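> Got a predicted structure plus its sequence, pasted below:
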Amino acid sequence: MKALEKIGIGTVQFGMKYGISNTTNKTDENEVGKILKYASENGMTTIDTASAYGDAETVLGRFDLSQFRVITKFMPPEGTESIGDELEKSLDRLNLNRIEGYLAHRPGFLIENRPLWKVLQKLKANGKINKIGFSLNHPAEVRQFLEMDMVPDLVQVPYNYLDTRFRTEMMALKERKCEIHTRSTFLQGLFFMDPKSLPVHFNPVKKILTDLQEKHKENLSGALLKYVLEQDIVDTVIMGVENREQLQQNIEGILKACTMDSIDVQLGENIVSPSLWPAN
């Protein structure tokens, strides 16, 4: 199925426990191997990781990644370190000579240090990176970068059934030949939580979650994935994976899912941005 080619493997769980609904620890290394094998056999060629994902890069580097497009992300360098130094560390951990994409995990850092964009462009010209860009959190960041003539080759943005804040900016980026990856299809697992168990912070979305769960039942994940995969402006959907069985179930769910109609609701950023959720 062509849609499966648009799925990228998110690896944050390979290096750390992550997500509001994640009840297990990070993924066992043997399980990582099974995930990568299944992904390759089913036409999935993109891997998304980051230096901030615990030891995910190191774990991935123990496997043959030559058949994958690997995208990683860097944090602002500390002390006398440079972006080039950070790149070399990631390449060493991944056991690769070059990567498909290298994204700023903190876009504001480049806004405040504009000359570093030229550093990224030089690293790209040297052949160790195919595409440069940003992992974004707010639509305003896109407008800032474009105004500064810092046009990315690739961006990653949050996008899901309840969060389409970036749609206008995504269209603007596509006009500039930018490759667009999305994350947070499941809102860190919020879609699958028992609405009654959620704190009052989530009151505005509890009925929506209840209705979705009742309508799609055990195949909600497949429906949510299919919704984003069917967006023409999306090139790759990054899907976090904890184990091979979960990946296989999600793929099977996509194949049998019905198309979801868009929802006409405006939710506050405190709902769609996990960084603004209560700690407990």
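Thanks, I have it. Numbering: from 1, shown residues only.

> Going by C-alpha atoms from here, please, whenever you check contacts or count neighbours.
Fine.

> which regions of the stretch 151-280 of the chain lie under the pLDDT threshold?
Along the stretch 151-280 of the chain, the parts satisfying pLDDT under 70 run over 280.

> OK, contacts around the nearest residue to P278 once chain neighbours are set aside?
Distance criterion C-alpha to C-alpha, 6 or more residues apart in numbering; nearest residue to P278, sequence neighbours excluded, is H201 at 7.4 Å. By C-alpha atoms under 8 Å, 6 or more residues apart in numbering, the contact list for H201 reads 271, 277-278.

> Now a ChimeraX select for only the buried ones of these.
Listed next is the ChimeraX selection for buried residues among those, using 16 or more other C-alpha atoms under 10 Å:
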select :271
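
> how about a markdown table for the contacts of H201, with distance to D261 added?
Formatted as a markdown table, the contacts of H201 follow (distance: C-alpha to C-alpha, whole Å):
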| residue | distance to D261 |
| --- | --- |
| I271 | 20 |
| W277 | 27 |
| P278 | 30 |
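
> Among the contacts of H201, which ones are in helices?
Within those, residues falling in helices by DSSP state H are I271.

> Double-check that the residue nearest to P278 belongs to a helix.
Yes - counting by DSSP: H, G, I helix; E, B strand; the rest coil, H201 is located in a helix.

> Check the gap between it and I271 for me.
Using C-alpha to C-alpha, to the nearest Å, H201 is found at 8 Å from I271.

> If you count neighbours, what's buried in stretch 140-147?
Buried residues in stretch 140-147, defined by neighbour count with 16+ other C-alpha under 10 Å: 141-142, 145.

> for the spatially most central residue of the chain, what are its contacts?
For the chain, the residue nearest the mean C-alpha position is R183 (3.3 Å; C-alpha atoms, centre = their mean). For R183, the contacting residues are 156-160, 237-239, by C-alpha under 8 Å, 6+ apart.

> any chance of the buried residues of stretch 140-147 in JSON lines, plus secondary structure and pLDDT?
JSON lines is the format used below for those (DSSP: H, G, I helix; E, B strand; the rest coil; pLDDT from 0 to 100):
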{"residue": "E141", "secondary structure": "helix", "pLDDT": "94"}
{"residue": "V142", "secondary structure": "helix", "pLDDT": "95"}
{"residue": "F145", "secondary structure": "helix", "pLDDT": "94"}
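
> quick one on the thing from earlier: overlap of the contact sets of H201 and I271?
Between them, H201 and I271 share the contacting residues W277, judged by C-alpha under 8 Å, 6+ apart.

> for stretch 254-271, how far is the first residue from the last?
End-to-end distance for stretch 254-271: 25 Å, by C-alpha to C-alpha.

> what does stretch 35-48 give?
End-to-end distance of stretch 35-48 (C-alpha to C-alpha): 13 Å.

> Same question for it: list its buried residues.
Across stretch 35-48, burial judged by 16+ other C-alpha under 10 Å covers 35-36, 38-39, 44-48.

> out of the residues you listed, what pair is the most spread apart?
Greatest spatial distance among the buried residues of stretch 35-48 (C-alpha to C-alpha): Y38 and D48, at 15.9 Å.

> Am I right that E242 is in a strand?
No - E242 is assigned coil when assessed by three-state DSSP, not a strand.

> Now do it against D153, distance only.
On the measure of C-alpha to C-alpha, E242 and D153 end up 29 Å apart.

> Quick check: the residue of the chain positioned farthest from its centre vs K118, distance?
Among the C-alpha atoms of the chain, the one farthest from their average position, using C-alpha atoms, centre = their mean, is that of T80, at 29.2 Å. Distance from T80 to K118, counting by C-alpha to C-alpha: 18 Å.

> Could you do Q231 as well?
32 Å.

> repeat for D92
In this view, D92 and K118 are 23 Å apart by C-alpha to C-alpha.

> Out of these two, name the residue with the larger neighbour count.
Higher neighbour count among D92 and K118: D92, with 14 against 11, using other C-alpha atoms under 10 Å.

> all helices for the stretch 151-280 of the chain, in order.
Ranges of helices within the stretch 151-280 of the chain are 167-175, 203-216, 220-229, 244-256, 269-272, based on DSSP state H, counting those that start in this stretch.

> highest average neighbour count across the ones you listed?
Here the criterion is mean neighbour count by mean count of other C-alpha atoms under 10 Å, and of the helices of the stretch 151-280 of the chain the winner is helix 220-229, at a mean of 23.
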